[in-house]
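Visitor: Dropping the sequence and predicted coords here.
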Amino acid sequence: MIQQSPPLLRVEKVSHAYTGGPETVPALAPVTFHVADGEFVCIVGISGSGKSTLLRIIGSLLRPSTGQVWLDGALSTQPHPEIGFVFQKTNLMPWRTALENVLLPLELLGPIGPAQRSQALSLLELVGLADFADAYPAQLSGGMAQRLVLARALVRHPRLLLLDEPFGALDALTRERLNLELLRIQTAQKQTVVMVTHSINEAVFLADRVLVLGEQPGRILARIAVDLPRPRSLAVMGGEKFGAIATEIRRHIGLVEG
Ligand SMILES: Nc1ncnc2c1ncn2[C@@H]1O[C@H](COP(=O)(O)OP(=O)(O)OP(=O)(O)O)[C@@H](O)[C@H]1O
Ligand SMILES: [Mg+2]
């Protein structure tokens, strides 16, 4: 019998209302889901359905109005190194080289020596930037900059990687390439990932499971298992099963009749 390990991430009845402004904005209705160790979960939903709010709460960048987030059995209330974050906008330091940007999270832990340097270099290699260690962010293309952010998010070996539209600003071809790289990295590191995306095809291509968030306040409309075999190549997108899963997601979002 296969032993079921406890989930790495538990999101329990998490809701959120923004209260700072003149009106209270209910952004997220109570949402509950679990993510297994090594699982890749994508969150899709229309604009304003609370996806970023949910991700920020999981990363403890925002406190939920109700509910809790548990990571590896412990209540999570503060941002910590066990969680890596990549946002849509790259927040690289322009005056630091690629290597120095990747080293940044390690500098918070202590002095940088040869061990840290070689770790950062091997991550640059992992994301295909080995030849750009000494380049500055302004010298990198959009896709390269986003890969650099990914390397920086991985440098402290996070148990959980949170991605909020990481490739949203990139052209379709670059995006496909980075999706392939992301899958390769995720498989190599057995990385647990929760990723927000606007692209249903991207979600089906990458995920083990897709959560569909519905309108304000966001709640989970559907949980869809993507039982396409791995490793996946781009050819999988042409398959019948892929199409059927994507259509089911569109139906839940209300993009197709039925
Ligand atoms: N700081 C804030 N103050 C007040 N309301 C906010 C704030 N941030 C988000 N909201 C509101 O909360 C709701 C959910 O926002 P959120 O950014 O989580 O949606 P989203 O699903 O990520 O949207 P998008 O796909 O456009 O990124 C929206 O109605 C938004 O206007
Ligand atoms: Mg968002």
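Guide: Here it is on my side, so go on. Numbering: from 1, shown residues only. Ligands and ions are numbered 1, 2, ... in the order given.

Visitor: Nearest spatial neighbour of the residue of the stretch 101-250 of the chain found nearest ligand 1, chain-adjacent residues omitted?
Guide: Here the stretch 101-250 of the chain gets closest to ligand 1 at one residue, residue 216, 5.2 Å apart by C-beta to the nearest ligand atom. Glycine gets a C-beta too; all of them are placed from N, C-alpha and C. Spatial nearest neighbour of residue 216, excluding adjacent residues (C-beta to C-beta, 6 or more residues apart in numbering): residue 48 at 5.8 Å.

Visitor: buried ones in stretch 63-76?
Guide: 64-65, 67, 69-71, 76 (16 or more other C-beta atoms under 10 Å).

Visitor: next one: stretch 195-215
Guide: For stretch 195-215, burial by neighbour count (16+ other C-beta under 10 Å) applies to 195-197, 199-200, 202-215.

Visitor: which ones are touching residue 54?
Guide: If you count contacts by C-beta atoms under 8 Å, 6 or more residues apart in numbering, residue 54 has them with 11, 14, 16, 28, 31, 43, 196, 213, 218.

Visitor: likewise residue 47?
Guide: residue 198.

Visitor: in what helix or strand does it lie?
Guide: Following DSSP states H and E, one finds residue 47 outside all helices and strands.

Visitor: start the count at 649, not 1, going forward
Guide: From this message on, residue numbering opens at 649, which makes the last subject residue 695.

Visitor: how about the residues of the stretch 699-848 of the chain near ligand 1?
Guide: By C-beta under 6 Å from any ligand atom, the residues of the stretch 699-848 of the chain that approach ligand 1 are 699-701.

Visitor: could you dump these to TSV with pLDDT?
Guide: Listed next are those as TSV, based on pLDDT from 0 to 100:
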residue	pLDDT
699	96
700	95
701	96
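
Visitor: related to what we said a few turns ago, what does the residue nearest to residue 864 show for phi and psi?
Guide: Taking degrees, to the nearest 10, you get phi 90, psi 10 for the backbone angles of residue 696.

Visitor: Check the spacing between it and residue 714 real quick.
Guide: With the distance defined as C-beta to C-beta, to the nearest Å, residue 696 ends up 20 Å from residue 714.

Visitor: Pick out the least confidently modelled helix or strand of this structure, by mean pLDDT.
Guide: Sorting the helices and strands of the chain by mean pLDDT, DSSP states H and E puts helix 820-837 at the bottom, at a mean of 89.
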